[in-house]
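Colleague: quick check, what structure comes out for this input:
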Amino acid sequence: MSERLQLSLLLSHVVNRQAVVLDAAFRAHNIPLSVEQYRLLFLVSHQPAAHQEFYARKLGRDRSSLTRMIQQLEKSGMLLRLQSDLDRRSLHVEPTHEGREWVQKAKIVAEEAMRQLWDGIAAEERELLNGLLVRLRGNS
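Modeller: Model (predicted):
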């Protein structure tokens, strides 16, 4: 196996492991969100009123899976889909008050879970890894 393929597989494993750790932490704290729902709600809370396609691109999701996720969050009272004032055919997404509260609770839990996940990795090592990952992202 090539070194690059091995590194890519390792990165995938780390991302999957992070999702497992966050899902477990959310369940342990009775947070009614999956990791994917949290990522969407977090993004919408920090960049509200964007179109659904913006969120799909940011999260690397196709429109249909994002639409299903938005519908679930809307049904649970955490998101609202609203018609655009400029184009009636266009919808944008905004968090509800309840959605913002859940994002804040989940963020605290996520930060603690990530602290545990990164335990034993020095700040200098995290900084180096961050720089490498930013460069890798720029190659795509």
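Colleague: list the residues that contact E98.
Modeller: By CB atoms under 8 Å, 6 or more residues apart in numbering, the contact list for E98 reads G77, M78. Every residue, glycine included, has its C-beta placed from N, CA and C.
Colleague: give me the element it is part of.
Modeller: Taking DSSP states H and E as the criterion, E98 maps to helix 97-117.
Colleague: tell me the helix or strand right after that helix.
Modeller: Of the helices and strands lying after helix 97-117 in sequence (DSSP H and E), the nearest is helix 123-138.
Colleague: pLDDT averaged over that following helix - what is it?
Modeller: Helix 123-138 shows a mean pLDDT of 92.
Colleague: then stretch 77-93?
Modeller: Stretch 77-93 comes out at a mean pLDDT of 78.
Colleague: what's in contact with stretch 64-84?
Modeller: With contacts defined as CB under 8 Å, 6+ apart, stretch 64-84 is touched by 32, 36-37, 40-41, 44, 49, 51-52, 55-56, 59, 61, 90-96, 98-99, 102.
Colleague: err, stretch 106-115, not the other one
Modeller: Q18, V21, L22, A24, A25, F26, H29, I31, L33, Y38, L41, F42.
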